[in-house]
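In: Pasting the sequence and the predicted coordinates here, then a few questions.
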Amino acid sequence: MISATAARAEPPVKKANVHRFRHTFAINYLRRYPNIFTLQKVLGHTSLDSTRRYLKIAQVDIIEAHRTASVADGWRL
């Protein structure tokens, strides 16, 4: 079932497994709802440290969003 779903994705997902889907869900969740505490509950983690791995990855999105919206970056100061 996982292989079939991955093959239908656009673009197709290589090396698909359950954890990869879970990981993708977590990153997309943080992009839409930047609340690490609710993500912790959704994923069923007892430790916030387990969930923080996803926060570090999503931080790249935050930095990019800031760079895009920054007046100073737009003016190349």
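Out: That came in fine, so what should we check first? Source: prediction; values computed, not measured. Numbering: from 1, shown residues only.
In: alpha carbons only for contacts and neighbour counts from here, please
Out: OK.
In: which one's the longest helix in this protein?
Out: In the chain, taking DSSP state H as the definition, the longest helix is helix 48-69.
In: Pull the residues that contact stretch 10-29.
Out: Outside stretch 10-29, the residues that touch it by CA atoms under 8 Å, 6 or more residues apart in numbering are 2-3, 6-7, 39, 43, 54-55, 57-58.
In: Now that stretch: buried residues?
Out: 13, 26-27, 29 (16 or more other CA atoms under 10 Å).
In: same check, this time on stretch 38-48
Out: So, applying 16+ other CA under 10 Å, buried residues of stretch 38-48: 39-40.
In: and the end-to-end length of it?
Out: In terms of CA to CA, to the nearest Å, the two terminal residues of stretch 38-48 are separated by 10 Å.
In: What's the mean pLDDT across that stretch?
Out: Throughout stretch 38-48, pLDDT has a mean value of 93.
In: From the chain's centroid, how far away is that stretch?
Out: Put simply, stretch 38-48 sits 14 Å off its chain's centre (CA atoms, centre = their mean, to the nearest Å).
In: what does it rub up against?
Out: The set of residues that contact stretch 38-48 without belonging to it, under CA under 8 Å, 6+ apart, is 26, 29-30, 37, 51.
In: Of those, just say which sits nearest to Ala72.
Out: When those are ranked by distance to Ala72 (CA to CA), Leu30 comes first, at 26.1 Å.
In: quick one: the closest one from Arg67, how far?
Out: Using CA to CA, one gets 18 Å for the distance from Leu30 to Arg67.
In: Among those two, which residue is more densely surrounded?
Out: For Leu30 versus Arg67, neighbours defined as other CA atoms under 10 Å are more numerous around Leu30 (19 against 13).
In: Sticking with Glu10, tell me its helix or strand.
Out: No secondary structure element spans Glu10, as it lies outside all helices and strands (assigned by DSSP states H and E).
In: for this protein, which spans come out with low pLDDT?
Out: Residue ranges of the chain with pLDDT under 70: 57-58, 73-74, 76-77.
In: List buried residues within the contacts of stretch 10-29.
Out: Buried by 16+ other CA under 10 Å: 6, 39, 54-55, 58, out of these.
In: now those as CSV including distance to Val71?
Out: Listed next are the buried ones among the contacts of stretch 10-29 as CSV, based on distance: CA to CA, whole Å:
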residue, distance to Val71
Ala6, 40
Leu39, 31
Tyr54, 28
Leu55, 25
Ala58, 22
